[in-house]
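[1] Next one to model:
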Amino acid sequence: MSIVNAKRNMLEAPFLKQMMQATQNMWRLGWDERNGGNVSVILDEEEVAPYIEKGSAIRTISLDFPVPELAGKYFLVTASGSYFKNIIDNPEELLGIIQVADGGNELDIIWGFANGGKPTSELPSHFMSHIVRLEHDENHRVIMHNHATNVVAMTFTHELDEAAFTKSLWQMESECIIVFPDGVGLLPWMIPGTTEIGKETAKKMNEYRLVVWPHHGIFGTGSSIDDAFGLIETAEKAAQIYMLIHSHRGGVKQVITDDQLSVLAEAFGVIPKPGILQLTK
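    Here you go, the predicted structure:
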């Protein structure tokens, strides 16, 4: 079942290049300081096959949290402690390809994580959320976590109510209700890197593709790296606008109204999460 030994140069694989570019962009935008942030991507076997040979894994690591639902699946994952600014220059150490073994109790490291590296410490949160999102969307592939600056800042100045938080973001930019009509989930403050926060995040993933960890960061999902990145990028831009206008002396003079948001949603064929918009007509 396990696979090693590159047939083609793994560094030329499109999925690896996309990950390298995305992590570089997240660092450049200031969303992943030091070793903050992590990404995991489900890889189809057809994507991986040209670059690997069947055989023995480089090494195998045990899982404290069995994930039989993901048995046999391949993932491209950022390494624990990886500095995103360095991934583009050192992918073989700061990225890795893993396969969940039969039964879901172990991980076979197929490529990468050189010099004894291992997957991100947030892997439990990623796996739990992957399982839930796959139940809702067979095309789901990516979990992306970073410290999007303005989204985090907004959790200090805005009430931590999901409907209110979502509506404030929708009101900042016409694109928002189109890109995330399902809204934004919020957790209470919790210690990151724990099984508990992973479970609570996964629960939210039943309703949302974006989940905010107050005073910490954001989890975004998607069918591709671009999809997940664009989802977070849109929320972050809206949060930036929110923070800019709420620091302005003149205060807010107008926003996109609920009726206007409803018209936008209808025009683009999306259904806003119920209970957020209060319509006058």
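[2] Please make it C-alpha for all contacts and neighbour counts, starting now.
    Fine.
[3] just the helices in the chain please.
    Secondary structure of the chain (DSSP state H): helices located at 14-28, 45-48, 84-87, 91-94, 123-136, 149-157, 162-170, 175-179, 195-204, 225-246, 258-267.
[4] count of neighbours near Val252?
    11 (other CA atoms under 10 Å).
[5] Now stretch 245-252: average pLDDT?
    For stretch 245-252, the mean pLDDT works out to 78.
[6] Please renumber the chain so that the first residue is 517 from this point on.
    Let's use 517 as the start, then, which means that last one is stretch 761-768.
[7] Looking at the helices of the chain, which is nearest to Glu585?
    Closest approach to Glu585 among the helices of the chain (CA to CA): helix 639-652, 6.8 Å.
[8] and of the helices of the chain, who's closest to Ser578?
    Nearest to Ser578 among these is helix 639-652; the distance by CA to CA comes to 12.5 Å.
[9] what comes up buried for the closest one?
    Leu639, Pro640, Ser641, His642, Phe643, Met644, Ser645, His646, Ile647, Val648, Arg649 (16 or more other CA atoms under 10 Å).
[10] for it, the distance to its chain's centre please.
    11 Å (CA atoms, centre = their mean, to the nearest Å).
[11] Give me the spatial nearest neighbour of the residue nearest the centre of the chain, chain neighbours excluded.
    Centroid check for the chain by CA atoms, centre = their mean gives Met660 as the closest residue, at 2.0 Å. Among residues not flanking Met660 along the chain, Val555 sits closest, at 4.5 Å (CA to CA, 6 or more residues apart in numbering).
[12] how close does the one you found get to Met536?
    Distance from Val555 to Met536, counting by CA to CA, to the nearest Å: 11 Å.
[13] Compute the number of surrounding residues for the closest residue in space to Leu726 that isn't next to it in sequence.
    Leaving aside its chain neighbours, Leu726 sits nearest to Gly736 (4.7 Å; criterion: CA to CA, 6+ apart). By the measure other CA under 10 Å, the count of residues near Gly736 is 25.
[14] Can you read off the pLDDT for Gly736?
    97.
[15] can you pull the contacts of it?
    Residues counted as contacts of Gly736 (CA atoms under 8 Å, 6 or more residues apart in numbering) are Ile659, Met660, His661, Arg725, Leu726, Val727, Ala744, Phe745, Leu747, Ile748.
[16] Redo the helices of the chain as CSV? Include distance to Gly632.
    Formatted as CSV, the helices of the chain follow (distance: least, CA to CA, whole Å):
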stretch, distance to Gly632
helix 530-544, 20
helix 561-564, 22
helix 600-603, 16
helix 607-610, 9
helix 639-652, 17
helix 665-673, 31
helix 678-686, 41
helix 691-695, 40
helix 711-720, 23
helix 741-762, 26
helix 774-783, 49
